[in-house]
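Sequence plus the predicted model coming up.
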Amino acid sequence: MQSQQYWFGLPRHLLWGFIAIAIFMSGDGFEMAFLSKHITDLGFSPAQSAMVFAVYGFAAALAAWASGVVAELITPQKAMLIGFVLWIVMHALFMALGLGLRNYPLMLLFYGIRGLAYPLFIYSFMMMLVQVLPREKLAAATGWFWAMYSVGIGVVGSYLPSFTIPMIGETGTLWMAIGWVALGGITAFISLRTVPVDRSRVNLPMKEKMAELSRAATILFTNRDIFYACLIRIINTLSLFGFAIIMPLLFVDRLGFTISEWLQIWAVFFFVTIFTNIIWGITGEYIGWIRQVRWFGCLGMAVSSLTFYYLPLWAGHNFAMALIPAVMLGIFVAAFVPMTAVFPTLEPHHKGAAVSIYNLSAGMSNFLAPAIASLILPFFDIEGVVWAYTGLYVFAGVLTFIINVPQPKRASKAAKAADAYAEQRI
């Protein structure tokens, strides 16, 4: 029966929900490559442009933190609908009254509020996966989730503007994003409206709902394993976010790569994650979530981070050699995919709060990676930052020996079979 319901770990009855994530994030990602420059071209300073993104990032982190509990309290479908409508309205206001009138306060206001939208949309779908899928299927499904995320924001969202900007300009491309987000939102609304989700907390009194929302913060202090898992998830993507900032200094300024060559190298990394997110999601079901995170995620990222610095430094301006660490990074960063399933497993009676902590961890990684770089660069240069990230991956590996996570059934059976085979050999 399960072979009919799942395709390489993808739950078929939620197929269009995954497709909706890819379409939605494509529209959300159109602006990544050029909006900052577009704002400065309108006459604003680089500092003002950076502040727009800082406000947006803060709002996105806040929404990511709250989305798990919100989806649990009002149902994932309603939370996704709110995120979808909020994105459309705020983006239109940002374009018309913010950028259109070159009104800086309105740019901050509307783009900031829009930052609440995409986490509410995509992470509410993740909460739906947590609610409706068997625990042993969750890691593979979240692998597909992150693969669709990469397809949207990392592939379509990055490449399509390079074709549309010459034809319809930057402003036209930004307006076009509404069409993609609308298509993604409508696809999700139609395909997921009848999915049977957990409604046990929907009719709680407001006081109990607020208590559940507060648990998304207090759970860090009441559940030791959740706290350790939070640290591991923060460390997960430090190199991803940090290398995007510091490695152009190495590749372009010191090794002689063009900015186009660097962008192609970084694009290869994102392309690889499309497949590795799926592969590691399935593999984790067999070898165990934490085992995979420890040996392939933590250790793999420690080695990949060092390779990303030292191999190009040794090989010089060699494009083919530079692709090797990009591929390695794309392989091993995805080995952390089972962490999505780990959080609700550690707090089964408050899954929404647990997922919210997972989302908060992802946001904190986005913030801490450049913060660590900015603190270390003046004293120890790029090499020091790389070693700092490497040390943190080793630290995360140590934490995996402390955290106690029940393994999925399939992993348990595989481990027992391996132990039995070993005994027979002895």
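Ah, there it is. Residues are numbered from 1 along each chain as shown.

Check which helices and strands the lengthiest helix in the chain sits against.
If you go by DSSP state H, the chain has its longest helix at helix 351-402. Contact analysis of helix 351-402 by 3 or more Cβ pairs under 8 Å, 6 or more residues apart in numbering; DSSP states H and E lists helix 46-74, helix 117-132, helix 206-222, helix 224-236, helix 238-248, helix 299-315, helix 339-346 as its packing neighbours. C-beta: built from backbone N, CA, C; applies to glycine.

which one of those lies closest to residue 288?
For those, the distance to residue 288 is smallest for helix 339-346, at 10.9 Å, taking Cβ to Cβ.

Could you chop the protein up by domain?
Using automatic domain parsing, the domains assigned to the chain come out as 10-203, 223-419.

Okay, now the unreliable bits of the stretch 201-350 of the chain?
Where the stretch 201-350 of the chain drops to pLDDT under 70, the residues are 204, 209.

returning to what we had before: mind putting the domains of the chain in CSV, distance to residue 215 and mean neighbour count included?
Formatted as CSV, the domains of the chain follow (distance: least, Cβ to Cβ, whole Å; neighbours: other Cβ atoms under 10 Å):
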stretch, distance to residue 215, mean neighbour count
domain 10-203, 7, 19
domain 223-419, 4, 19
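
Residue 22 contacts residue 148, doesn't it?
Yes: at 4.1 Å, residue 22 counts as touching residue 148 under the criterion of Cβ atoms under 8 Å.

ok, back up a step: relative to residue 210, tell me which of the domains of the chain wins on proximity.
domain 10-203 (9.5 Å).

measure that closest one end to end?
Across its full length, domain 10-203 reaches 31 Å between end residues, using Cα to Cα, to the nearest Å.

mind starting the numbering at 53 from now?
Sure thing, new numbering starts at 53, so read that last one as domain 62-255.

before we move on, the earlier item: now tabulate the domains of the chain in TSV and tack on distance to residue 268.
Output for the domains of the chain, formatted as TSV (distance: least, Cβ to Cβ, whole Å):
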stretch	distance to residue 268
domain 62-255	5
domain 275-471	4
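
Nearest to residue 190 among the helices and strands packed on helix 403-454 would be which one?
Minimum separation from residue 190 across the helices and strands packed on helix 403-454 (Cβ to Cβ) falls at helix 391-398, 4.0 Å.

so what secondary structure elements neighbour the closest one?
helix 187-201, helix 276-288, helix 341-344, helix 403-454.

Between helix 258-274 and the last one, find me the angle.
The reference is to helix 403-454. Counting by axes from the mean of the first three to the mean of the last three Cα atoms, to 10 degrees, helix 403-454 lies at 10 degrees to helix 258-274.

Return the distance of helix 403-454 from the chain's centre.
14 Å (Cα atoms, centre = their mean, to the nearest Å).

Kindly report the same for stretch 156-176.
Computed by Cα atoms, centre = their mean, the chain-centroid distance of stretch 156-176 equals 17 Å.

Same check on stretch 127-146?
Distance, stretch centre to chain centre, for stretch 127-146: 19 Å (Cα atoms, centre = their mean).
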